[in-house]
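# predicted model follows, preceded by the sequence.
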Amino acid sequence: MTPPKAPRHYKVPFSHRRLDRRATDIVRRLQKAGHEAYLVGGCVRDLLLGRNPKDFDIATSAKPNAIRKLFRRSRIIGRRFKLVHVYVGREIYEVSTFRRQPKTNGKSQSDTRILADDNAYGSAREDALRRDFTVNALFMDPVGNEILDWASGMEDLKHEVLHSLGDPKVRFREDPVRVLRLIKFMRRLEFSPGKEEIEAARTECAHLLEAPPPRLMEEVFRLLQTGDSEGVFQDLRALNLFKTLLPELTRWMNRGEKNFDRLLARLRVLDQWVGEGGEPCYSLRLAILYGPYVEDELNPETRTLSMREPPQLVSEILHKIQQRARLPRFALSRASRILLAQTRMDPLPGSTKKRRRFNAERLVENDWFDDALEYLRGRLTADGRDLALYDEWHERALSIREGDR
């Protein structure tokens, strides 16, 4: 079915007090300068669902240089597609120029191929229709107080269903990462995918092998923020995607069925944190994801790597991940410290019986210690152990920080 040339217009069904005033001011200034401008994507969807958006993104007909001239505190960024960051106080607002869907022949393309065609500017309609799902293609004019819908997104929001924009097999083949985004939105929004979307995910997910590992890892970390990462990983397993996304964990999980259950238990704790409003940092999520595997390598009874010293073991495991997925070195280093701290706070099963002496003050005073403490709490909870050890370290940290040494 060909989308209509003109959008359906809906009156904004919620109070303007829920809008970000500064984002609205950016849209207003662009419109006053003679450009089309709207709030777009996830923020519109979340507002309509009664959620609080994390970001307010803006799309406009203005080219990057024109946007830059309008806003003194702004800068042009981006290699794949140039957009503008507008600074208001401490907040950063992303303003992009309308662009169209890259021309394809219906076959899967690598990021390099897509990159060549992805810098073509387009109209508001073309920009909306290049997006992944109908519920993410809604544009909102906060000045005119209306929502523009080219693709039945409002109807799909009402019925809590995820429909691809266009034939899902073609769209998933064009960009296989959309399969992961389907899982993310299905779990995060608690929406049901359409039958065609489910079938396309099953048949086209093999094309994820063609996507760059860094981009895949970026999506994996977004999946860990859904609040239902346990369900997400069950979906990934059902689609047989672990070998593609997380080869190191796949080899570890193949050693025994209980390993996958252990990982799910850790993810269940992560989901609880997210559900309570927590936002575990990148390093902590990395430690949670690879923690059970690292712990088995630190245990002489289950170790498969040749090195013996904990720092060498952790470094070897995380270095392999970094080589494949080019993770931020700072996050990798911090995750390594979080995991190594566990050998001091709670010697792992099978570790050396004689516990080496160490300086607890020095451990507590590290800027990553609070994350290590949260990891300990999560590990104890996931393993069904008493939290007395966590309470002991929590009290010790308070005592050290208050100067009562």
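Nice, thanks for sending it over. Numbering: from 1, shown residues only.

# which non-adjacent residue is nearest residue 83?
Nearest non-adjacent residue to residue 83, counting by CB to CB, 6 or more residues apart in numbering: residue 96, 4.1 Å away. All C-beta atoms are positioned from the backbone trio N, CA, C, and that covers glycine.

# just grab the bridge partners of the one you found for me.
Residue 96 forms beta bridges with residue 59, as assigned by DSSP bridges.

# my guess is it contacts residue 63. True?
No - here residue 96 does not reach residue 63: they are 10.7 Å apart, not a contact under CB atoms under 8 Å.

# list phi and psi for residue 100.
Here is the backbone geometry of residue 100 (degrees, to the nearest 10): phi -100, psi 170.

# what does the pLDDT read for it?
Note for residue 100: predicted pLDDT of 88.

# which one of residue 96 and residue 63 is surrounded by more residues?
Neighbour count, other CB atoms under 10 Å: between residue 96 and residue 63, residue 96 has more, with 20 against 15.

# so what secondary structure elements neighbour the longest helix belonging to the chain?
In the chain, taking DSSP state H as the definition, the longest helix is helix 257-275. With contacts taken as 3 or more CB pairs under 8 Å, 6 or more residues apart in numbering; DSSP states H and E, helix 257-275 sits against helix 229-238, helix 247-253, helix 282-298, helix 369-382.

# nearest approach to residue 86 belongs to which of those?
helix 282-298 (24.7 Å; CB to CB).

# now the element after the closest one, going C-ward?
Going down the chain from helix 282-298, the next helix or strand is helix 310-325, by DSSP states H and E.

# what mean pLDDT does that next one have?
On average, helix 310-325 scores 89.

# run through who's touching it.
Helix 310-325 has contacts (CB atoms under 8 Å, 6 or more residues apart in numbering) with 213-214, 216-217, 247-248, 290, 293-294, 297-298, 303, 305, 307, 327, 329, 332, 335-336, 339-340, 343.

# buried ones from those residues, can you make that a PyMOL selection?
Applying 16 or more other CB atoms under 10 Å to the contacts of helix 310-325, the buried members can be selected in PyMOL as follows:
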select buried, resi 213+216+217+290+293+294+297+298+327+332+335+336+339+340+343
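
# per-residue confidence at residue 78?
85.

# give the burial count for it, as a bare number.
13.

# phi, psi for it please.
Torsion angles, degrees, to the nearest 10, at residue 78: phi 100, psi 140.

# also residue 401?
According to degrees, to the nearest 10, residue 401 has phi -70, psi -30.

# pLDDT weak spots in the stretch 251-400 of the chain?
For the stretch 251-400 of the chain, applying pLDDT under 70 flags the ranges 348-358.

# and what of the stretch 1-150 of the chain?
Across the stretch 1-150 of the chain, the ranges flagged by pLDDT under 70 are 1-4, 103-119.

# where do the strands sit along it?
Under the criterion DSSP state E, counting those that start in this stretch, strands of the stretch 1-150 of the chain are mapped to 8-11, 37-40, 57-60, 74-77, 83-88, 91-97, 139-141, 146-149.

# got the CA positions of the longest one in PDB?
This file holds the C-alpha atoms of strand 91-97, laid out as PDB (Å, rounded to 0.1, in the frame of the first residue of the first chain):
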ATOM      1  CA  GLU A  91      21.200  20.500  27.500                       C
ATOM      2  CA  ILE A  92      22.000  19.400  24.000                       C
ATOM      3  CA  TYR A  93      19.300  19.200  21.300                       C
ATOM      4  CA  GLU A  94      19.800  17.200  18.100                       C
ATOM      5  CA  VAL A  95      18.600  19.000  15.000                       C
ATOM      6  CA  SER A  96      18.700  17.100  11.700                       C
ATOM      7  CA  THR A  97      17.800  18.000   8.200                       C
END
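
# name the helices or strands packed onto the helix or strand harbouring residue 157?
Taking DSSP H and E as the criterion, residue 157 maps to helix 153-159. In this structure, helix 153-159 makes packing contacts with helix 42-48, judged by 3+ CB pairs under 8 Å, 6+ apart.

# and the helix it packs on, C-alpha only, in CSV?
C-alpha atoms of helix 42-48 as CSV (Å, rounded to 0.1, in the frame of the first residue of the first chain):
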residue,chain,number,x,y,z
GLY,A,42,10.7,8.6,19.9
CYS,A,43,9.8,11.7,21.9
VAL,A,44,6.5,12.0,20.0
ARG,A,45,5.7,8.3,20.5
ASP,A,46,6.5,8.4,24.2
LEU,A,47,4.5,11.6,24.8
LEU,A,48,1.5,9.9,23.2
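
# one step back: buried sites along the longest helix of the chain?
Within helix 257-275, the residues scored as buried using 16+ other CB under 10 Å are 259-260, 262-271, 273-274.

# which of the residues you listed lies closest to residue 123?
Closest to residue 123, out of all of the buried residues of helix 257-275 and judged by CB to CB, is residue 274, at 37.3 Å.

# which residue, other than its chain neighbours, is closest to that closest one?
residue 227 (4.5 Å).

# ok, now which ones touch the closest residue to residue 30 other than its chain neighbours?
Among residues not flanking residue 30 along the chain, residue 37 sits closest, at 3.7 Å (CB to CB, 6+ apart). Residues near residue 37 by CB under 8 Å, 6+ apart: 26-27, 30-31, 58-62, 141.

# hmm, which two among those residues are most spread apart?
62 and 141 (15.0 Å).

# comparing these two, which residue is more hemmed in?
Per other CB under 10 Å, whichever of residue 62 and residue 141 has more neighbours is residue 62, with 23 against 18.

# okay, now the nearest residue to the more buried one once chain neighbours are set aside: neighbour count?
Counting by CB to CB, 6+ apart, residue 62 lies nearest to residue 35, which is 4.1 Å off, once chain neighbours are set aside. Residue 35 has 18 neighbouring residues, counting by other CB under 10 Å.

# residues in contact with residue 35?
60-62, 66.

# can you rerun that using 10 Å?
Residue 35 makes contacts with 27, 29, 60-63, 66-67, 70, 97-98, as judged by CB atoms under 10 Å, 6 or more residues apart in numbering.

# that's all I had, so thanks and see you.
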